[in-house]
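structure for this input, please:
(chains A, B and C, ligands or ions: 1)
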Amino acid sequence: MDKVLITVGSGGKKSQSFINSEIISRFSNEKLNILADGAHIDNNMVVTTDSFTVFPPFFDGGDIGVLSICGMVNDLASMGAEPKYMTMALVIEEGFPFGDLQRILDSMKKLANEQNIQLVAGDTKVVEKGKLDGIIINVTGFGYRYKNVMLPSRDYKIGDSIILTGPVGEHSIAVLKNRGVVEFDGMVPSDVAPLWEPVKSLIDGDINIKFIRDVTRGGLSAVLNEFVSFSRTKIEIYEDDIPVNEKVLAVCDIYGFDIYSLACEGRLVVVVDAMDSEKALSILSQYEQTKSARAIGQIIDLSNPIVILNTQFGGKIVMDMPTGEILPRIC
Amino acid sequence: MKVLNVVDDFCTVEINGVKKSCFIGFLERKPEEGEYLLVHAGMAIKILDYQSAQEIIDELALLIDGELRDSE
Amino acid sequence: MNKSFDLFKDRELAKKLFSHIKSKVSHFSNLKIMEFCGTHTHNIFQYGFRYAFQPNLKFIAGPGCPVCVTSDNELAEAFWLLEKRGVGVITYGDLLKVPYNGKSLFDYRSEGFSIEIVYSAIDALSIAKKKSDKEWVFLGVGFETTIPATSALLDLVVRTGIKNLSVISFHKNTKSIISALGSLGELRVDGILLPGHVSAVVGWQYFNDINAFGIPSVVVGFEPLDILYGIKELIDMIEKGERGIKCAYKRAVQEEGNRKMLDSINKFFDVTDCNWRGLGNIKNGGFEIKPEYSIYNARKRYKIENIEVLSKQNQCLCGDVLIGKIEPIECPSFDVLCNPDAPLGPCMVSHEGTCLAYYKWSRING
Ligand code: SF4
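Coordinates of the predicted model:
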């Protein structure tokens, strides 16, 4: 490979191997190597960083500004940390409509206020027209560990319950539609949403949480595979229990997409002790963003890291790390 | 996919509320609203025959029922 | 008529039928059923049926994934058009990942070559219109199901007189391959699941040649219940020693096909000999644009002559896998040199590929 391919940033297998062979190999250290969504930099502070690029910047249910704040909040929430401060770097293409920029900043401000997050530093660069497609936003989020919770845990048991907080794929479909890759009437709004509130309630409810990760690029398949390779466990998932949006399913049917590799921006996979599963679900059901949470499977072995999917029709398959870009298939 | 409306050589079809336009120039006749089409890569291949579909489902249900009764 | 065809997605009935088949096949040892169509291969895998009836029943994915059978020389033609003629290429998403000489259309796109993906062939017209500063070639891939779509595109190209769009046909003929395999005596299977979509276009009588090989065959649809029903029907036939072709997809397929589609294929295409990956030259195995439409044929427009085909994939036994001669695990490269991250052949690349399906399954029990 002598050129960087799009798949390096797709969240699938190629991203994983890029991170291992180019980043970890160079920067290896105890905190980084966990490959979590963020890092505990001292006993109480957690930091996370992410760049956002999406075409188009406005889509059904959100925009790139909302996306960047939610992405940061959800990454911190995945570490059990309460978001507090953020920095923001804007890289803007020359000629980008000023009104659009204001709209994006307004939605960021609104959401940051709602989440009690202060912007404490920032940077703005403008690059020559054509050197960039619209706008890239980088945010770095700082949060404090809440009630001494340390995530992810290193302690897993057979039977630990795997919870998914809502239907998958809505974000991908919203963006693909707004980009014109898929065409259909009717709307599937992105699921983009900040998820600290429900996570906080889980912690307040004394749920024994072992692992949280937000489902983003690479979809459910990627997150579950990341979980098994981190925890070195074998898990079993039941397709019957995975919440789906009927419209997303229909689009997948028409275009041949694999629903489990579609991206979300407002869904979590939460692994909890089996004893706490019911209680966790009832807490999650109280929030709009997580009201359709379901337990979708459990850990079945403490070796042989692999994700087994029991299909709706009686069979079993291995759910693999997605391999690349989401493409329509015909055959 | 279910036919919603027909305009010239195209029609709108629907699954689960997702609507899509498809080319029907190759069908043996114009489909009617409410009929189901077999669509492949944006092209309607066939107007589906509901009755034979139901027959198969009935046949399967009978077979499975019979089996369940036998095993009781 | 308010019930939809979701009838065939009924989970409960599917689960019951699944157990029915499971107990039925327990009387057999080592039944081999070949499915021809890439979508069957994909769905049988995705629904979790592919290895569910082992060791009593095995599915063998036949050469019916258009991407898997697209040959090196065809990919070489596409790459040559991009590199040497500077045209843009429009095709279906499926084809993007297939490697030839260590490179795929996907890689070309990363390098800045113009490659557009369409869902439907006729969308190529609007791309060519919109991006009129470039010449475009539509790569027609697939069997009798997608050929009419290419015909429809050709028809539009002729009627609108658009200058910057032509077509190259990589289309393949399913009838020829079944006959070719059968007459080679290579078809060592107990039953065949015939492709539903293709049959809807051509009519199931198209496959009458199969009768000569004495292998029971069933035309099957694509929903979970369609596939299970098809398998059940096929096993019934095998049990009773019946031969011939049965249709288990009557809502879409009759003996006769779709006249208008067949006419449009005949209007624009001639049947010709054609290279299939792993299988070599197949008599009447492909479709080429008729001479009277040569100006719309990219092979003629851009004077593609013999392009030297470099073969790096000679350790790959896809050809043998595709006809059910060997199982992936019998290929020396399987999981050694060849895996989903570094696929040697299309059977490991494609979603429909047998080697990929086998690779994934082989890890379930660890
Ligand atoms: S395992 Fe790889 S090399 Fe062997 S036949 Fe399959 S694709 Fe080809």
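
got a pLDDT number for the closest residue to the ligand within chain B?
With C-beta to the nearest ligand atom, the shortest gap between chain B and the ligand falls at residue B:41, namely 25.8 Å. The C-beta positions use only the backbone N, C-alpha and C, and glycine is treated the same way. With respect to pLDDT, residue B:41 scores 80.

that one: what's it in contact with?
By C-beta atoms under 8 Å, 6 or more residues apart in numbering or on different chains, the contact list for residue B:41 reads A:330, C:92, C:119-121, C:145-146, C:149.

ok, now residue C:220?
With contacts defined as C-beta under 8 Å, 6+ apart, residue C:220 is in contact with C:35, C:40, C:193-196, C:226-227, C:229-231, C:248-249.

now residue C:96
Counted by C-beta under 8 Å, 6+ apart, residue C:96 has contacts A:327, C:104-106, C:109, C:115, C:117.

and the lowest-mean-pLDDT helix or strand in chain B, anywhere near chain A?
None of the helices or strands of chain B scores lower by mean pLDDT, DSSP states H and E than helix B:50-71, at a mean of 82. No. Using C-beta under 8 Å from any C-beta of the partner chain, helix B:50-71 never reaches chain A; the gap is at least 12.9 Å.

how about that helix: buried residues?
B:50, B:52-53, B:56-57, B:60, B:64 (16 or more other C-beta atoms under 10 Å in any protein chain shown).

next one: stretch C:282-290
Buried residues in stretch C:282-290, defined by neighbour count with 16+ other C-beta under 10 Å: C:282, C:284-289.

among those, which lie within strands?
Among the buried residues of stretch C:282-290, the members found in strands (DSSP state E) are C:282, C:284-289.

right, and out of those residues, which lies closest to chain B?
Within the set of those, residue C:287 lies nearest chain B; the separation is 16.4 Å, counting by C-beta to the nearest C-beta.

residues in a beta bridge with the closest one, which ones?
Here residue C:287 shows beta-bridge partners residue C:271, assigned using DSSP bridges.

for residue B:36, grab the count of nearby residues.
23 (other C-beta atoms under 10 Å in any protein chain shown).

roughly how far does the closest residue to residue C:101 other than its chain neighbours sit from residue C:247?
Once flanking residues are discounted, residue C:101 sits nearest to residue C:310: 4.8 Å by C-beta to C-beta, 6 or more residues apart in numbering or on different chains. As judged by C-beta to C-beta, to the nearest Å, residue C:310 and residue C:247 stand 44 Å apart.

compare neighbour counts for these two and give me the winner.
residue C:247 (23 against 11).

lowest-pLDDT helix or strand in chain A?
helix A:13-18 (a mean of 78).

for the helix or strand just after that one, name the packing helices and strands.
Scanning forward in sequence from helix A:13-18 by DSSP states H and E, the next helix or strand is helix A:25-27. Using 3 or more C-beta pairs under 8 Å, 6 or more residues apart in numbering or on different chains; DSSP states H and E, no helix or strand is in contact with helix A:25-27.

could you give the mean pLDDT of helix A:25-27?
Mean per-residue pLDDT for helix A:25-27: 90.

and for stretch A:320-331?
Mean pLDDT, stretch A:320-331: 67.

go on, stretch C:103-110?
The model assigns stretch C:103-110 a mean pLDDT of 88.

so what does whichever residue of the stretch 151-300 of chain A sits closest to chain C have for phi and psi?
Among all residues of the stretch 151-300 of chain A, residue A:255 sits closest to chain C, at 6.5 Å; criterion: C-beta to the nearest C-beta. Here is the backbone geometry of residue A:255 (degrees, to the nearest 10): phi -100, psi 0.
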